[in-house]
Structure formats: structure tokens, C-alpha cells
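Visitor: Please work out how this folds:
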Amino acid sequence: MAEILNSVRAREHSGPLDPQGPFDVHHPEGRGVGDAPFFAHGSLLNWRFRRHDFAAHGSEVIQPVRVVQHTERGLVVWLAGDTPTVDSRFAGREDVNPHELGYAERFSPQSTDRVSYRRHWRGTGVLRIVPTGMPFSVWLFWAETGQFRCWYINLEHPHTIAGDSLYTADHVLDILVRPDGSVEEKDRDELEAAVRFGQWDEGIAAAIEAEKRLALDQMRAGHWAFDDAWKRFHPDPSWTLPPAPRL
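Guide: Numbering: from 1, shown residues only. The predicted structure is shown next:
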């Protein structure tokens, strides 16, 4: 346990926007999303979210996606509705979404009794854009009627591609941007709870705050991930649902 805590706090004095992220995450050696070789249109890729304590339990979120576009400027993928996925959940309560549990349990450094849990992606499909060199991805959501709903800026760890997988870690704090341009911060309470109950410290929270400011600056500057053309995206009708991830 001490090793896990030391790993999480290792970069608290390194300042915001550390190119390695605000805390250590175990993943294979790989390449950045803007580095060749690039995946072809339609390729299957496993999007993997790993927690800071992955080494203690070995479970992760796995979401199979289809590659829409992959170039030097970044990666664009499609997560189809009803795609078979894998979650990381508390052992003995696999049928309970961790978001429904109390903060003290969710964000305690001692809560490492996690296991893999199979499920499916609910709702309509999501387009995800991963810009090269940015500590976030941009998700586009649509209603079942096809009407564009919002952009969702998911603050994340530096992205690494290794084999057929994209590795990152979720940074809890997120930003919702509506079609009219209004902005809403999401999950501020969760970030504060992560500090209050000892999962992260103030240095990590400050780094995540800096990521939020950078993401909003990029959006307001007209970053390509926020181009209106993405709102008109339609997946290739020939694409079938990916197979269930292997554990």
C-alpha cells in the first residue's frame, strides 16, 4: 500500500501539466497518439482506462472502438451503442456502479479490492477525439433522434498506444459544452472528495485544474477537435459491433 501511495504522490512538486501526467499509471511502453504507424479507418482498438492503483488489482475499464481517423494531429474513434465493455468494480459488489457508492469508500487509498465486470455501453454511440499532446479527449454525444447534444471534455492522462490498445487514466473533473457554447463543470465534488479522503493530494488536484484551463483555452481558440464538422459525423454503416474484450 505504501508503494501505491508513493506512486500517486510522486509528482506533487513537479508542477502542472507534467508531460508524464500528475501521477504514475502502469501501462506498457508505447507511442503517442500522433506518432506513426497510424491505424487504418475502421480498425478495432481497445480504449483502456487504468487507475493509479492498477498494479494492486489488475482490473481496468476496456471499451472497444472503431478508428475513424488517425494522423499526426491525433486519433478519432467511434464507440457504438451496445458495444460489449469491461468495467472495474468493487469485489463482491460487481453489480453496483462505483458512482453509486459513498465518497469515503470510492476515494479511499485502501479501496483496492477491484475486479473486472462485463457490461455493454448504454445509449447512443459516442465520437471521441484525442488530440496529440493534450491532457484530455473530446466526446460528442447525440440524442436518439440524431440531434447533437453536447461536447464533453474528459480530462485524462497522457495517451499511449501499445499494440491494439489506447491507454489513459481518468482525471475525474470534466467539462460539458452545450451547442449554444455555454460551459458547465462536471464532478467538481468528486475531485474534492479524492483529495479529502486521501486518494490524491492538493498537488495532483492543482495539475488537473491546469488541464481544465488548458482545455477551455484550446476550445476557445478553435482547436480542430471542436470543429463543427464533427457534429455531422455518421459511422460507417458497414461497421459491426466489436467482440467482447478478452480478459
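
Visitor: Tell me how many other residues crowd Val67.
Guide: 18 (other Cβ atoms under 10 Å). For glycine as for every other residue, the C-beta is placed from the backbone atoms N, C-alpha and C.

Visitor: in the chain, which helix has the most residues?
Guide: Longest helix in the chain, counting residues (DSSP state H): helix 202-220.

Visitor: Which other helices and strands does that one contact?
Guide: With contacts taken as 3 or more Cβ pairs under 8 Å, 6 or more residues apart in numbering; DSSP states H and E, helix 202-220 sits against helix 2-9, strand 136-142, strand 148-156, strand 170-177, helix 188-196.

Visitor: The helix or strand immediately after the first one in the chain pairs with which strands, and in what direction?
Guide: So the one you mean is helix 2-9. Sequence-wise, the next helix or strand downstream of helix 2-9 (DSSP states H and E) is strand 44-49. Neighbouring strands of strand 44-49 in its sheet, by DSSP bridges, are strand 61-71 (antiparallel), strand 165-168 (parallel).

Visitor: Going by neighbour count, list what's buried in strand 44-49.
Guide: Across strand 44-49, burial judged by 16 or more other Cβ atoms under 10 Å covers 45-49.

Visitor: who does Leu44 bridge with?
Guide: If you apply DSSP bridges, the partners that Leu44 bridges to are Arg66.

Visitor: shouldn't it be in contact with Gln63?
Guide: No. Counting by Cβ atoms under 8 Å, Leu44 sits too far from Gln63 to count as a contact (11.3 Å).

Visitor: hmm, back to that, would TSV of the helices and strands packed on helix 202-220 with mean pLDDT be doable?
Guide: Below are the helices and strands packed on helix 202-220 laid out as TSV (pLDDT from 0 to 100):
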stretch	mean pLDDT
helix 2-9	35
strand 136-142	98
strand 148-156	98
strand 170-177	98
helix 188-196	97
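
Visitor: For Pro243, which of the ones you listed is the nearest?
Guide: Shortest distance between Pro243 and the helices and strands packed on helix 202-220, using Cβ to Cβ, is found for strand 136-142: 22.8 Å.

Visitor: gap between the residue nearest the centre of the chain and Phe39?
Guide: Nearest residue to the geometric centre of the chain (Cα atoms, centre = their mean): Asp170, 4.7 Å. Going from Asp170 to Phe39 by Cβ to Cβ, to the nearest Å gives 22 Å.

Visitor: again, but for Ala91
Guide: Following Cβ to Cβ, the distance that separates Ala91 from Phe39 is 34 Å.

Visitor: Look at those two and report which has more neighbours.
Guide: Phe39 (19 against 12).

Visitor: still on that earlier bit, nearest to Pro242, of the helices and strands packed on helix 202-220?
Guide: Nearest to Pro242 among these is strand 136-142; the distance by Cβ to Cβ comes to 17.8 Å.

Visitor: What are the contacting residues of the closest one?
Guide: 124-131, 148-156, 159, 168, 211, 214-215, 225-226, 230-231, 233 (Cβ atoms under 8 Å, 6 or more residues apart in numbering).

Visitor: Least confident secondary structure element in the chain?
Guide: Each helix and strand of the chain was given a mean pLDDT (mean pLDDT, DSSP states H and E); the minimum falls on helix 2-9 at a mean of 35.

Visitor: So Pro243 sits against Pro64, correct?
Guide: Yes. Using Cβ under 8 Å, Pro243 is in contact with Pro64, at 7.4 Å.

Visitor: Comparing these two, which residue is more hemmed in?
Guide: Neighbours were tallied for Pro243 and for Pro64 using other Cβ under 10 Å; the higher tally belongs to Pro64 (23 against 10).
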